[in-house]
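**Q** Could you look at this predicted model? Sequence included:
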Amino acid sequence: MKKVLIITYYWPPAGGSGVQRWLKFVKYFRDFNIEPVVYTIANPNYPIIDDTLINEIPKDIEVLRKSIWEPNNFLSCFGKKKTESSGFLNPNPSFIGKIIQYIRANFFVPDARVFWVNPSVKYLKKYLSKNKIEVVITTGPPHSLHLIGLKLKQQLKVKWIADFRDPWTEIDYFHQLPFSNRILKKHHKLEEEVLQTADNVMVVGNTMKENYRKFTKNISVITNGFDDELTNKNSEVQLNSKFNITHVGLLNADRNSKTLWKVLSEICKENAQFKKDLEVKLIGKVDISVTQKILEFGLTKKVNIINYITHNEVVQFQKKAQVLLLLVNNVPSAKGILTGKIFEYLNAKRPVLAVAPLDGDLAKILKSTQAGFVVDFEDEIGLKNQLLKLYKEFKKGSLKINSKNIEQFHRRELTKKVSELIEQITE
């Protein structure tokens, strides 16, 4: 049995999307003769907590922990919330807010977890000297963790896989940060060094792969996925009686679709029955810019915002929805954005309506699985037609989707691919 060391910042009781990928790989690794060891933080201050995920950690897994000094705790004294997500940067910060953003961007490179790097390298060098580990795996963001892998590779010549759940300099909010030219160059240099040094780079989509090919040929696409082990496949799901459109996950300013709110408002004004039947559920943290647009277009009574709930509850909401809504960040890197929730949407087997690039990674998956429809960011006519088509099917009682080939995205199948990669680089 091969032993691998997984270096991850997010680990249960962390909730949200960041924890899912490697929790699930760890969950299934033993099925493929891989024994995982997890290295994570000892003093977590996660934005989202989901204690139910602890139950998915396999028994007797070795979990190593070391404390981290979080500068975010210090910055919170000046107005930045400890649990603030990078995806919720304030587009119009106060003077103090601008100072905090500048400090955050230029003094903590590549991110605020950089102070965990050197202590972790020191700790893990001792561990690796006493324990046989075939492969070290780092997963980011936070991309500081890749610097741990980089130093272990340089100093100990270990086999190393760098897993990018999101890109580094192409991540959706990167362009919003007030970098100096020197720091911007430093980010690109560090990213390039990680990509060129790792024995293999794992990415979640083809666009990211193409963007990174100029740095390395040792690159593998292993997407995120779904896990239906905890759900009863044979149980009857009672769909919402309303024309329910459900969005799951963080909804920040970049995902705020003015086109969507405008079109829904227009249809409500033109069709009284549609207005009566409509119900929009937003599950997860919602930016104030979203609620402002909902108010502006007179949709406040039609939208139900539900704060974070457990992952198991999220799955139930997805299965009961008439339509699953997916809003991709309207940013320069939108084509390559492939959020983890799309795969859980596939497992829910409800029609997916996405506002996203027509030539992006997401659109290709929806087309290949026949699981839903994609409308471009500014296509009001296309979105209106699609919503009316879905509503018509809803009124007829025939709103459903006949998706295909989704089993390739089951977490167990994806873990098999990771295991094959580990075998390949250790031969």
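**A** Yep, that arrived.
**Q** what's the domain layout of the protein?
**A** Here the domain parsing of the chain from automatic domain parsing is 2-225+411-426, 243-396.
**Q** end-to-end on the first one?
**A** Terminal residues of domain 2-225+411-426 are spaced 9 Å apart (C-alpha to C-alpha, to the nearest Å).
**Q** Over to stretch 374-382?
**A** This stretch, stretch 374-382, spans 9 Å end to end (C-alpha to C-alpha).
**Q** Going forward, count from 15.
**A** Noted, 15 is the first residue going forward, which turns the last one into stretch 388-396.
**Q** Mean confidence (pLDDT) on that stretch, please.
**A** The average of the pLDDT scores along stretch 388-396 is 98.
**Q** quick one: that stretch to chain centroid distance?
**A** Mean-position distance between stretch 388-396 and its chain equals 23 Å (C-alpha atoms, centre = their mean, to the nearest Å).
**Q** Now that stretch: buried residues?
**A** Residues 388-391, 393, 396 are the ones in stretch 388-396 that count as buried (16 or more other C-beta atoms under 10 Å). C-betas here are computed from N, CA, C, even on glycine.
**Q** from those residues, which ones fall inside strands?
**A** Counting by DSSP state E, the part of the buried residues of stretch 388-396 found in strands is 388-389.
**Q** and which of the buried residues of stretch 388-396 is nearest K378?
**A** K378 lies nearest to V388 out of the buried residues of stretch 388-396, by C-beta to C-beta, at 9.5 Å.
**Q** Where does L204 sit: helix, strand or coil?
**A** Three-state call for L204 (DSSP: H, G, I helix; E, B strand; the rest coil): helix.
**Q** roughly how far apart are it and Q210?
**A** Here the criterion is C-beta to C-beta, to the nearest Å. By it, L204 lies 11 Å from Q210.
**Q** Which one of the two is surrounded by more residues?
**A** L204 (19 against 13; other C-beta atoms under 10 Å).
**Q** what residues are up against that one?
**A** 123-124, 157, 161, 182 (C-beta atoms under 8 Å, 6 or more residues apart in numbering).
**Q** Neighbour-wise, give me the winner out of those residues.
**A** H157 (26 neighbours).
**Q** Which pLDDT value does the model give that one?
**A** Note for H157: predicted pLDDT of 97.
**Q** Quickly note the distance from it to K410.
**A** Counting by C-beta to C-beta, the gap between H157 and K410 amounts to 49 Å.
**Q** again, but for L159
**A** Distance, L159 to K410, by C-beta to C-beta: 50 Å.
**Q** the more surrounded of those two?
**A** Neighbour count, other C-beta under 10 Å: between L159 and K410, L159 has more, with 27 against 8.
**Q** Can you point out the buried residues in stretch 43-53?
**A** Neighbour counts over stretch 43-53 (16+ other C-beta under 10 Å) mark 43, 46, 48-53 as buried.
**Q** got those residues as a markdown table, with secondary structure and pLDDT columns?
**A** A markdown table is the format used below for the buried residues of stretch 43-53 (DSSP: H, G, I helix; E, B strand; the rest coil; pLDDT from 0 to 100):
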| residue | secondary structure | pLDDT |
| --- | --- | --- |
| F43 | helix | 98 |
| F46 | helix | 97 |
| I48 | strand | 98 |
| E49 | strand | 98 |
| P50 | strand | 98 |
| V51 | strand | 98 |
| V52 | strand | 98 |
| Y53 | strand | 98 |
